[in-house]
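# Next input, structure requested:
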Amino acid sequence: MSKKPETNRTDIYTRITERIVEDLERGVRPWMKPWSASNTDGRITRPLRINGLPYSGMNVLLLWSEGMARGFASPMWMTYKQALELGGAVRKGETGSTVVFASRFTKSEADGNGKEIDREIPFLKAYTVFNVEQVEGLPDNYYAPPAKVLDPIERIECADRFFRNTGAVIRHGGNQAYYSPVMDYIQMPPFEAFRDAAGYAAVLSHEATHWTAPSHRVGRDLSRYAKDRTERAREELIAELGSCFLCADLGIAPELEPRPDHASYLQSWLSVLAGDKRAIFQAAAHAQRAVTFLHSLQPETEVKAAA
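From the prediction side, this is the model:
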């Protein structure tokens with residue numbers, strides 16, 4: 001009985017990681033797919049649950065990828081049972097998409113001295129959801145067209161306000177964008193060096209994700225970043241995913257072409273994923289925590305407005 005759950009978990013990790021590796025081997029960053037599509041007349045958002053709440057972490061990547069592969073314009077997803085409860089039905093012949101649920105349970109076991117200790121054991125469960133475009137008979141409001149893109153000036157003002165509210169020290173000058181963990185500031189090239197305001201905000205969102213790392217924020221260890229290429233690749237993957245999550249939240253289009261200093265990470269990411277089937281899940285979880293922290297620094301009124 002104890003081996004089956006472990007096998008199932010391994011299959012989920014392996015299956016999803018292999019899909020992402022296939023994309024990376026073709027030079028495609030799967031988390032960038034929503035913005036590279038032709039249907040960007042509507043606002044790019046995170047995938048949404050039936051109650052309107054956004055998915056988070058790894059499920060954002062999974063459903064973005066599925067939505068783009070199948071050409072779904074709607075960001076909303078539901079289970080087979082939820083469709084029935086709403087009076088709808090999944091069309092015959094439709095196949096679902098995988099999302100995952102990660103949690104932990106506590107197990108008591110004996111230690112080396114024969115004493116009972118509690119050990120937390122992580123588990124991963126997969127379940128199937130369907131896009132509303134695969135379901136018929138739902139109330140009309142579920143088939144509403146995607147929201148139109150907000151006015152560009154309004155979006156940029158919102159993004160500027162968001163980063164200002166974080167309290168991060170942001171300096172400008174030079175030709176590099178980076179976060180200094182020693183001095184705890186973000187360095188950005190001059191605003192004029194970017195092709196547009198959205199490009200500036202997208203790069204700043206990447207550096208802001210790095211900025212969340214210190215222990216008094218979310219607590220990611222960057223001590224080996226400069227010395228260990230693998231650790232650097234992991235952190236850069238976290239920052240890239242965090243940037244995509246945040247760009248979706250802010251209605252900002254990230255830069256579709258990799259930054260010159262990140263092009264070299266593609267092979268490193270492939271090496272990391274090949275050696276650790278859980279790496280992409282961990283990176284997505286870290287990215288989600290970083291973005292959640294950045295949102296927590298916003299005034300409550302602005303958080304409600306964004307929602």
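# Nearest spatial neighbour of Ala110, chain-adjacent residues omitted?
With C-beta to C-beta, 6 or more residues apart in numbering as the measure, Glu116 is the residue that lies nearest to Ala110, at 6.2 Å, once sequence neighbours are left out. Quick note: C-beta positions are derived from backbone N, CA and C, even for glycine.
# list the contacts for His172?
Gln187, Met188, Pro189, Pro190, Phe191 (C-beta atoms under 8 Å, 6 or more residues apart in numbering).
# out of those, which is most surrounded?
Neighbour counts for these, by other C-beta atoms under 10 Å, peak at Met188, which reaches 20 neighbours.
# roughly how far out does whichever strand or helix holds Val60 sit from the chain middle?
Val60 belongs to helix 58-70 when assigned by DSSP states H and E. Relative to its chain's centre, helix 58-70 lies at 11 Å (C-alpha atoms, centre = their mean, to the nearest Å).
# Give the buried residues for it.
Met58, Asn59, Val60, Leu61, Leu62, Leu63, Trp64, Ser65, Glu66, Gly67, Met68 (16 or more other C-beta atoms under 10 Å).
# partners of the longest strand seen in the chain in the sheet?
Secondary structure assigned by DSSP state E gives strand 116-131 as the longest strand of the chain. Applying DSSP bridges to the sheet, strand 116-131 is found paired with strand 77-78 (antiparallel), strand 97-110 (antiparallel).
# next helix or strand past the first one?
What it means is strand 77-78. helix 80-85.
# What helices and strands are in contact with the very next helix or strand once past that next one?
Once the chain leaves helix 80-85, the next helix or strand it forms, by DSSP H and E, is strand 89-90. Packing partners of strand 89-90 (3 or more C-beta pairs under 8 Å, 6 or more residues apart in numbering; DSSP states H and E): helix 80-85, strand 135-136.
# domains for the protein, by residue range?
3-143, 152-306 (automatic domain parsing).
# can you redo those as a markdown table with mean pLDDT?
Compiled in a markdown table, these are given as follows (pLDDT from 0 to 100):
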| stretch | mean pLDDT |
| --- | --- |
| domain 3-143 | 85 |
| domain 152-306 | 90 |
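# Would you mind finding the most buried of those domains?
Highest mean neighbour count among those (mean count of other C-beta atoms under 10 Å): domain 152-306, with a mean of 17.
# Just list the residues touching the closest residue to Arg119 other than its chain neighbours, thanks.
Once flanking residues are discounted, Arg119 sits nearest to Lys107: 5.4 Å by C-beta to C-beta, 6+ apart. Going by C-beta under 8 Å, 6+ apart, Lys107 touches Asp118, Arg119, Ile121.
# is the first one in a bridge, and if so with what?
Same thing as Asp118. With DSSP bridges as the rule, Asp118 is bridged to Ser108.
# quick one, phi/psi of Gly87?
phi 90, psi 10 (degrees, to the nearest 10).
# my guess is it contacts Leu138, does it?
Yes: using C-beta atoms under 8 Å, Gly87 is in contact with Leu138, at 7.0 Å.
# Roughly how far does Phe105 sit from Ser97?
Using C-beta to C-beta, to the nearest Å, we find Phe105 at a distance of 26 Å from Ser97.
# what about the helix or strand containing Arg234, distance to the chain center?
Assigned by DSSP H and E, Arg234 falls within helix 229-250. Counting by C-alpha atoms, centre = their mean, helix 229-250 is centred 8 Å from the centre of its parent chain.
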